[in-house]
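Chemist: with the input below, show me the fold.
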Amino acid sequence: MKLSIVVVNWNSTDLLRGLMTSVRETVNVPDFETIAVDNASADFDESSFKAQYPEVTVLAQRSNLGYAEGNNIGIRAAKGEYILLLNPDIALKEGAVEKTLAYMEKNPNAAAAAAKLVRPDGVTDMSLRSFPYPLGVFFEYTGLAKLFRKSRFFASYRMRYFDYDEEIEVDQPMASYLMLRRSVLDEVGLFDRDFPIFFNDVDLMWRIKKAGRSVRFLPEAEAVHLGGGSTKRAPRKEMIRESHLSLLRFYEKHFSRRAYLFARLCVGITLKLKGIKL
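Modeler: Numbering: from 1, shown residues only. Below is the predicted model:
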């Protein structure tokens, strides 16, 4: 099989149904499958979903295993040479999947490719970042990145200077729409369960880049990012805390002890100012 589309759902079944409809209406690949992994959503009725989308393989879990393991379950079940990860709050545009797949086929060193994400009002999402190196993180936490948002030096982490009209090599694209080469996943491994919600994609991209493979951003492939997905439906302070703790886990795994302690200081100060305990 050429392509497997994998979607992890948690309490976003309204969005999931919209995505499945857009897959049905826009994807024109002769040999593909769609897998929906539901993480014990309160709003998910398996029988009615299967009746509406009989072409979708549903893997309903008994508990919320997190985004990372949910994707791992879908990927393990997938038969495709390429894996397209989609979040439920994505609506596909005509030709996006075909363009991404064609690029991967023509560029064997490309391990992953991401589409350009736009909001319903047409505004481009800032969906690309560099890896969270200490200096870039420092500029973010001190506000210098926002003050000098067009500077490639100060705004390096969130790439505020980039206009999203150029095909480029990138460190970490948002995994809301991300196509992966299955053979590379077999080489570097799947998502790390120690990053259940945030930074699991960053960790995977780090391992892919360390393996000498390419990660590309393709502006010619577009998808609409509706927003309002799973993380928006969880308590805000809880998600802020988990995001910062995931950054610390990433530092602990991939950086020096000194860099980890520096990141912990930045995170601790930031969370304290927000009234959130580390």
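
Chemist: what about the strands in this structure?
Modeler: Assigned by DSSP state E, the strands in the chain fall at 3-9, 32-38, 56-60, 82-86, 90-92, 110-118, 128-129, 168-169, 172-173, 177-181, 214-225.

Chemist: which other helices and strands does the last one contact?
Modeler: Which is strand 214-225. strand 90-92, helix 96-106, strand 110-118, strand 168-169, strand 172-173, helix 200-210 (3 or more C-beta pairs under 8 Å, 6 or more residues apart in numbering; DSSP states H and E). (C-beta placed from N, C-alpha, C; glycine too.)

Chemist: list the pairing partners of the first one within its sheet, with orientation.
Modeler: Here strand 90-92 has these sheet partners by DSSP bridges: strand 214-225 (antiparallel).

Chemist: can I get the CA coordinates of the strand it pairs with in CSV?
Modeler: Coordinates of each C-alpha in strand 214-225 appear next as CSV, following Å, rounded to 0.1, in the frame of the first residue of the first chain:
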residue,chain,number,x,y,z
SER,A,214,15.7,15.7,5.4
VAL,A,215,12.5,17.4,6.7
ARG,A,216,10.8,19.7,4.2
PHE,A,217,8.2,22.4,4.2
LEU,A,218,6.1,22.4,1.0
PRO,A,219,4.1,25.7,0.5
GLU,A,220,2.4,24.3,-2.6
ALA,A,221,0.5,21.8,-0.5
GLU,A,222,-2.1,23.6,1.7
ALA,A,223,-4.5,22.5,4.4
VAL,A,224,-6.9,24.6,6.5
HIS,A,225,-6.1,24.6,10.2
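
Chemist: list the buried ones in it?
Modeler: Judged by neighbour count (16 or more other C-beta atoms under 10 Å), strand 214-225 contains these buried residues: 214-218, 221-225.

Chemist: ok, now stretch 21-36?
Modeler: Buried, per 16+ other C-beta under 10 Å, within stretch 21-36: 22-23, 26-27, 29, 32-36.

Chemist: in this structure, where's the longest helix?
Modeler: The longest helix of the chain (DSSP state H) is helix 236-254.

Chemist: only C-alpha atoms, please: export it in CSV.
Modeler: C-alpha atoms of helix 236-254 as CSV (Å, rounded to 0.1, in the frame of the first residue of the first chain):
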residue,chain,number,x,y,z
ARG,A,236,-5.7,25.8,29.8
LYS,A,237,-3.3,26.0,32.8
GLU,A,238,-2.8,22.3,32.7
MET,A,239,-1.8,22.4,29.0
ILE,A,240,0.6,25.4,29.6
ARG,A,241,2.3,23.5,32.4
GLU,A,242,2.5,20.3,30.4
SER,A,243,4.0,22.2,27.5
HIS,A,244,6.8,23.6,29.6
LEU,A,245,7.4,20.3,31.4
SER,A,246,7.8,18.7,28.0
LEU,A,247,10.4,21.2,27.0
LEU,A,248,12.3,20.3,30.1
ARG,A,249,12.0,16.6,29.2
PHE,A,250,13.4,17.4,25.8
TYR,A,251,16.4,19.2,27.3
GLU,A,252,17.0,16.4,29.8
LYS,A,253,17.0,13.9,26.9
HIS,A,254,19.0,15.8,24.3
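
Chemist: just the pLDDT for the residue positioned nearest the centre of the chain.
Modeler: Geometric centre of the chain, nearest residue: residue 175, 1.7 Å, by C-alpha atoms, centre = their mean. On the pLDDT scale, residue 175 is placed at 95.

Chemist: select, out of the helices and strands packed on strand 214-225, the one closest to residue 242.
Modeler: Closest to residue 242 of the helices and strands packed on strand 214-225, according to C-beta to C-beta: helix 200-210, at 11.6 Å.

Chemist: would you indicate which residues of that closest one are buried?
Modeler: Applying 16+ other C-beta under 10 Å to helix 200-210 flags 200-209 as buried.

Chemist: neighbouring contacts of it?
Modeler: 67-68, 71, 111-112, 129, 131-132, 171-175, 178, 184, 188-192, 195, 215, 246, 250, 253-254 (C-beta atoms under 8 Å, 6 or more residues apart in numbering).

Chemist: and those, which are buried?
Modeler: Buried among those (16+ other C-beta under 10 Å): 67-68, 71, 111-112, 129, 131-132, 171-175, 178, 184, 188, 190-192, 195, 215, 246, 250, 254.
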